[in-house]
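Peer 1: Would you be able to build a 3D model of this:
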Amino acid sequence: MSSILKLFSRFIGKTLVSASLTFFILTFFAIPLADNVGVITESIDADILLQNMMESSEFTLEEARILCDKNPDLEECKVIKNPEVLLEEQLAPVMDKAEEIKPILITGRLVSIILFILGISFLYLGTFNIYETAYKTSITTFLTSLIYSIFYKLSGNVIPTIAENLASGNKEVPKVLLDMAVEAIKKWIQIPVNEVFTVCLILMGISLPIVIISYILKNRQSKEKSKK
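Peer 2: You can find the predicted model right below:
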């Protein structure tokens, strides 16, 4: 019965360690992603966007500017005089939502650390051996970090490619706007991807020496017990 409980405890421990690392690493992608929504505005030329929008209007851009010089109080003239307003209005809901999500993600990061410690506790209850616990925790940490370093690095290339393929199939939107949108997505996710990759490398750099040292120590301990 005790062996079954130990096995169950080790399973719960590994699951908690892996799940907590998954969410911990995710926050280093999601928080910078929320922080860098403004990069989209910087990557899109508002003047070109306005020119394309005016093509479907009964006025040309020049005619609209002349009209706005005579009637500066018109609501539409805010966009004509300052095209960036158009982008800001479009992205305002996204930026507001990002600000709402950030505190949740920060809290989630703290919760993931607590779950990680809880996972170590379950692993210890399943082994009652500090070296075995250190080995299982560190090997899980190393492998999880390795997997996500590859996953997020590939995502940084795959997501823009998917966006580009989807954009190429849309014939209704001008190509120049689609190209700007794809470029904006590339810049938007680049910082989060780099941050996640760095965090994964740090976790691997910390866990790998612990894997080696704890493996040697637990083997030495087991040999000493067998001699007795």
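
Peer 1: what's residue 139 in contact with, if anything?
Peer 2: Under the criterion of C-beta atoms under 8 Å, 6 or more residues apart in numbering, the neighbours of residue 139 are 207, 211. Using the backbone N, CA and C atoms, a C-beta is placed for each residue, glycine as well.

Peer 1: Quickly note the distance from it to residue 193.
Peer 2: 25 Å (C-beta to C-beta, to the nearest Å).

Peer 1: do the same with residue 201
Peer 2: Separation of residue 201 from residue 193 (C-beta to C-beta): 13 Å.

Peer 1: And residue 110, by the same measure?
Peer 2: Residue 110 is 23 Å from residue 193, by C-beta to C-beta.

Peer 1: And those two? Which one has more around it.
Peer 2: residue 193 (20 against 11; other C-beta atoms under 10 Å).

Peer 1: as a whole number, average confidence for the helix or strand that contains that one?
Peer 2: In the assignment (DSSP states H and E), residue 193 maps to helix 175-227. Here helix 175-227 scores 87 as its mean pLDDT.

Peer 1: other SSEs contacting that helix?
Peer 2: helix 2-35, helix 38-43, helix 46-54, helix 130-168 (3 or more C-beta pairs under 8 Å, 6 or more residues apart in numbering; DSSP states H and E).

Peer 1: mean pLDDT for the ones you listed: which is lowest?
Peer 2: helix 46-54 (a mean of 65).

Peer 1: most centrally placed residue in this structure?
Peer 2: Computing the C-alpha centroid of the chain and ranking residues by C-alpha atoms, centre = their mean puts residue 29 first, at 2.0 Å.

Peer 1: residues touching the closest residue to residue 19 other than its chain neighbours, list them.
Peer 2: Counting by C-beta to C-beta, 6 or more residues apart in numbering, the nearest residue to residue 19 once its immediate chain neighbours are dropped is residue 115, at 6.8 Å. Contacts for residue 115 were tallied using C-beta under 8 Å, 6+ apart; they are 16, 19-20, 23.

Peer 1: Check residue 195 too.
Peer 2: 28-29, 32 are the contacts of residue 195 under C-beta under 8 Å, 6+ apart.

Peer 1: Tell me the one among those nearest to residue 121.
Peer 2: Nearest to residue 121 among the contacts of residue 195, counting by C-beta to C-beta, is residue 28 at 24.4 Å.
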